[in-house]
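**Q** Predicted model and sequence below, questions to follow.
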Amino acid sequence: MAEIHPITLPKWGIEMSEGTVATWHLAVGASAEKGTELVDIETEKIVNTLDLEVGGTLRRQLAQPGDVLPVGALIAVLADASVPDSAIDAFVAGYKPIDVSFEPKEEGSVASQSSPRHPGESRDDEGGRGEAAKSSVPVSPPLDPAILAARNEAAHASPLARRLANKLGIDLSSLTGTGQKGRISQEDVEKAAAARGTVAPVPPAPEPVPTGPEPHASPIAEKIARKLGMTLHGIKGTGARGRVSLADVQAAAKARGLISEPAQVATPSPAAGPAARKLAGDLGVDLSTVTPTGPKGHATKQDVRDAADRATVPTAEVPAYDLLPVTGMRRAIATALVNAKQNIPHFYLTSDVTVDALLSFREQLNARASSPRKLSVNDLLIKAAALALMEVPDVNVHWADDGIRRFRSADISVAVAVDGGLLTPVVRGADRLDPWAIGARAADLADRARKRTLAKEDISGGSFTISNLGMFGIRQFQAIINPPQGAILAVGTTRREARETAEGGVAFASVMSLTLSCDHRAVDGALGAKFLAALGRRLEDPIGLVL
Amino acid sequence: MPVITMREALNEALHLEMARDPRVIVLGEDVSGGAGGTSGQRDAAGGIFGVTKGLIHKFGEGRVIDTPISESCIIGAANGAALAGLRPVAELMFADFVGVAMDQIFNQAAKFRYMFGGKARTPLVIRMSFGAGMNCAAQHSQTIYPFMTAVPGLKVVVPSNPYDAKGLLLTAIRDDDPVVFFEHKALYSRKGEVPDGDYMIPFGEAALVREGDHATIVALGRMVPFAEKALEKLNADGITCDLIDPRTTSPLDEETILESVSNTGRLVVVDESPPRCSVASDIAAIVAQKGFRDLKAPIQIVTAPHTPVPFARELERAYVPGPAQIEAAVRKVLADG
């Protein structure tokens, strides 16, 4: 680095903040040894001579006798004769003075930002400090806003002046400050703008154009702003050292309509500290039932205890029940079933079927099949019912105003419990499908039923319904007919039951109760019984289900 | 951007600032080179960790000063130099030996500005290496930044990567108050992208190293890369965390920590110092005091145990908190609420 050596205004004493350049002892271009007298500097109290700390050629004198400069200002440049002029100019232009003022810094700024300006900085005339430079506003081609902002950041100026200069495209290094300690004030910028013909807007425009760097923000505030897809422009910081805080971003996002009142609407549970939350867990209290009385809407431990007391001893103020609004689906089910149960003359037939053969048959099929989805008992039931309907087609009917419609294919509705109700998607042509195809189709329909993505065609037009509650351990039940169908089959659980064997002993068998609800207008008792018998045969001799 | 080690980044900062500001001097044991003796070879190492390598040739004996093995002498001289207008950067090889210079630091340097009514400043940087994991035994491995953080008037820096180390050291040297700069021995060779030129990282501003939703991890120094490692495992399970590196413990960026906790509701603080009166317990206390209502679960603290640092390798390995403990602590705050 021996190449270029800056010489700055020295600090002779702790209270010295500026000095006057008195007499130069060395001319530009002269070479000298370390220790040679270079220049006299006057302070309020003394005159001292600055000696060279290193040897070299004096390449630039950046201050004239009589100039008053702050401590640390660049006053001369020493370099070998071999160093080109352009390198020295670049060094002078890029030199950042050292802040030795010991003055308190501007809030939020760090050392070099509030440095005193020195005469070599950003001046075109290489001797520095020409009188003409003082008041003129150089007309230069407009700068890129980002470059301008970065350059203005380094200038000794008030934050307001800097903001205005960035907005008006004024290069602060072209101005001379008249503010405190030579700082460029807002007024200086306004004057420069007026001289140039750009009028400073007196009341700042209501919607500041988002240009230049975003304001300083805490990393969390930046993270959340990014998540919300908003910029930080125009947000006033209230955090540490004027930083934009998370609260500022949240307030701005609310004002810009990016978020509505958070949390409370989405989750009805009030906020609560860990202790209250733990107590709620211990007492089995649902936090959403707690009325918060703590600060900032937080639930306290006492609130949780109160809620627990209310739960055990209902008081007058607290309703004894929760009123659940009725959904459209619930209302449709209610209307259809009241209609069905009141207007359809139901009768019920129950028969027990031994299903040991069916269960072992299913096991064998599943053991041999390569398909990842196993056959369920319900899949086999659908197949069996479809075949029985083909055998006894008078059960595969709709009661309609124009007559009894007898269907040529078994389109079987399968009752699926979903959140808030019940849907009956249809497995069409179950008589012609093999049990695996039925299983795949039924699983797909059930899945879409739970996701509520079924189309109207998927749930309409069934000719017969199967409702299976066996998986809930229900032994036997009577289902309500799904109009306009003529019958519905209710399937109970499989139970072990002692039976008398042909040899006269007793053996346990797997038994399933099937109950057929029939619309007596279309299906008579004997017909229903015939169907149940056909179904029973197919279930007890299951080989036919896959042939 | 060049990828360099933290050692090189610190060295770059010293070179830059000594070239820029003639008042900056460096002093300490063997800072000129370390070979010494009669060999005439001055620049063999550049201090015990090689951070001051090359300075002696550029800036000469007047500005790169080898001292006797006396911490009180180093800090005493640095104090005087700072008061007289220089900007000394003093190096103590091991933070553990700061004890003999404590008077000069916490009873003198930290108070000059206050006791002289703002008329005296102490632009002093004290660099020291700290931390376990290098098998340096009990007297060379402690993590003592909590001592310094507790002293009003001192600024305390604990960088975790080369980029921060350079920017923070430049800020430290240009700061007009005493700054204690802690360098973890095991991080000197950690590599990272570092820009060539001059840049400063302000004190009291935390870095958000990783972003996430489920918990906030605050970690310092070597614990930051460990927390990153723990997060890799947690991320595989879909758990994401804000990882905050405060970078300076005094001033501490409380705001960023509290803001993050207000989003995640859970806090894990990781600190290599022993648990009592540690930076971890301090941060936990601040969040318990000012952010309690945002907490969904009790705060977890991961620190070394309350014992001297063991010399036996296996014991030392067990002593230093690692990614496994951090991962377990995050899972615990998630399980707790």
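**A** Cool, the structure landed.

**Q** in chain B, which spans are helices?
**A** B:6-20, B:55-59, B:71-83, B:102, B:112-115, B:145-149, B:162-174, B:223-236, B:254-264, B:279-290, B:313-319, B:323-336 (DSSP state H).

**Q** Let's have the ones you listed in CSV, adding mean pLDDT and mean neighbour count.
**A** Heads up, the C-betas are built off the backbone N, CA and C, glycines and all. Converted to CSV, these look like this (pLDDT from 0 to 100; neighbours: other C-beta atoms under 10 Å in any protein chain shown):
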stretch, mean pLDDT, mean neighbour count
helix B:6-20, 96, 22
helix B:55-59, 90, 18
helix B:71-83, 96, 21
helix B:102, 94, 16
helix B:112-115, 93, 15
helix B:145-149, 96, 23
helix B:162-174, 97, 25
helix B:223-236, 96, 20
helix B:254-264, 93, 24
helix B:279-290, 96, 19
helix B:313-319, 95, 13
helix B:323-336, 95, 19
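
**Q** Spell out which parts of chain B neighbour chain A.
**A** B:19-23, B:58, B:85, B:119-121, B:171, B:174-176, B:198, B:200, B:202, B:204, B:206-208, B:211, B:242, B:244, B:253-256, B:259-260, B:262-263, B:292-293, B:295-298, B:336-337 (C-beta under 8 Å from any C-beta of the partner chain).

**Q** what distance separates the start and the end of stretch B:306-319?
**A** 9 Å (C-alpha to C-alpha, to the nearest Å).

**Q** gap between it and the chain center?
**A** 21 Å (C-alpha atoms, centre = their mean, to the nearest Å).

**Q** contacts for that stretch?
**A** Stretch B:306-319 has contacts (C-beta atoms under 8 Å, 6 or more residues apart in numbering or on different chains) with B:Ala132, B:Gly133, B:Asn135, B:Ala137, B:Ala138, B:Ser141, B:Gln142, B:Pro274, B:Pro275, B:Arg276, B:Ala304, B:Pro305.

**Q** Report the buried members of these.
**A** B:Ala132, B:Gly133, B:Ser141, B:Gln142, B:Pro274, B:Ala304 (16 or more other C-beta atoms under 10 Å in any protein chain shown).

**Q** tell me the least confident of these?
**A** Checked by pLDDT, the buried ones among the contacts of stretch B:306-319 have B:Gly133 as the lowest-scoring entry (92).

**Q** Return the distance of it relative to B:Gly221.
**A** 11 Å (C-beta to C-beta, to the nearest Å).

**Q** and the nearest residue to A:Thr291 once chain neighbours are set aside, what is it in contact with?
**A** Counting by C-beta to C-beta, 6 or more residues apart in numbering or on different chains, the nearest residue to A:Thr291 once its immediate chain neighbours are dropped is A:Asp303, at 6.2 Å. For A:Asp303, the contact set (C-beta under 8 Å, 6+ apart) comprises A:Pro270, A:Ala272, A:Ala276, A:Val290, A:Thr291, A:Pro292, A:Thr293, A:Gly294.

**Q** can you redo these as a markdown table with pLDDT?
**A** A markdown table is the format used below for the contacts of A:Asp303 (pLDDT from 0 to 100):
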| residue | pLDDT |
| --- | --- |
| A:Pro270 | 77 |
| A:Ala272 | 79 |
| A:Ala276 | 82 |
| A:Val290 | 84 |
| A:Thr291 | 84 |
| A:Pro292 | 85 |
| A:Thr293 | 84 |
| A:Gly294 | 81 |
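
**Q** Return the subset of the residues you listed lying in strands.
**A** Judged by DSSP state E, these include A:Ala272 as members of strands.

**Q** Closest one of the contacts of A:Asp303 to A:Pro70?
**A** In terms of C-beta to C-beta, no member of the contacts of A:Asp303 lies closer to A:Pro70 than A:Gly294, at 56.0 Å.

**Q** where does the residue nearest to the spatial centre of chain B land on pLDDT?
**A** The central residue of chain B, meaning the one whose C-alpha is nearest the mean C-alpha position (C-alpha atoms, centre = their mean), is B:Val158 at 2.0 Å. Note on B:Val158: pLDDT of 98.

**Q** Is it correct that it is in contact with B:Asp271?
**A** No - under the criterion of C-beta atoms under 8 Å, B:Val158 is not in contact with B:Asp271, lying 9.6 Å apart.

**Q** Quickly list what's touching both of these two.
**A** In contact with both B:Val158 and B:Asp271: B:Leu220, using C-beta under 8 Å, 6+ apart.

**Q** shouldn't A:Val83 be in contact with A:Arg60?
**A** No - here A:Val83 lies out of contact with A:Arg60, judged by C-beta under 8 Å, at a distance of 11.1 Å.

**Q** Now list the buried members of the contacts of A:Asp303.
**A** A:Pro270, A:Ala272, A:Ala276, A:Val290, A:Pro292, A:Gly294.

**Q** Among these, which lie within helices?
**A** A:Ala276.

**Q** what's downstream of the helix or strand of chain A with the lowest mean pLDDT, the next helix or strand?
**A** Using mean pLDDT, DSSP states H and E, the weakest-scoring helix or strand in chain A turns out to be helix A:145-154, at a mean of 75. Reading on from helix A:145-154 to the C-terminus, the next helix or strand found by DSSP states H and E is helix A:159-168.

**Q** right, and the helix or strand after that following helix?
**A** helix A:186-196.

**Q** if I look at A:Val189, how far off is chain B?
**A** A:Val189 sits at a distance of 26 Å from chain B (criterion: C-beta to the nearest C-beta, to the nearest Å).

**Q** Kindly report the same for A:Ala251.
**A** Applying C-beta to the nearest C-beta to A:Ala251 and chain B gives a distance of 13 Å.

**Q** Also A:Pro6?
**A** Separation of A:Pro6 from chain B (C-beta to the nearest C-beta): 9 Å.
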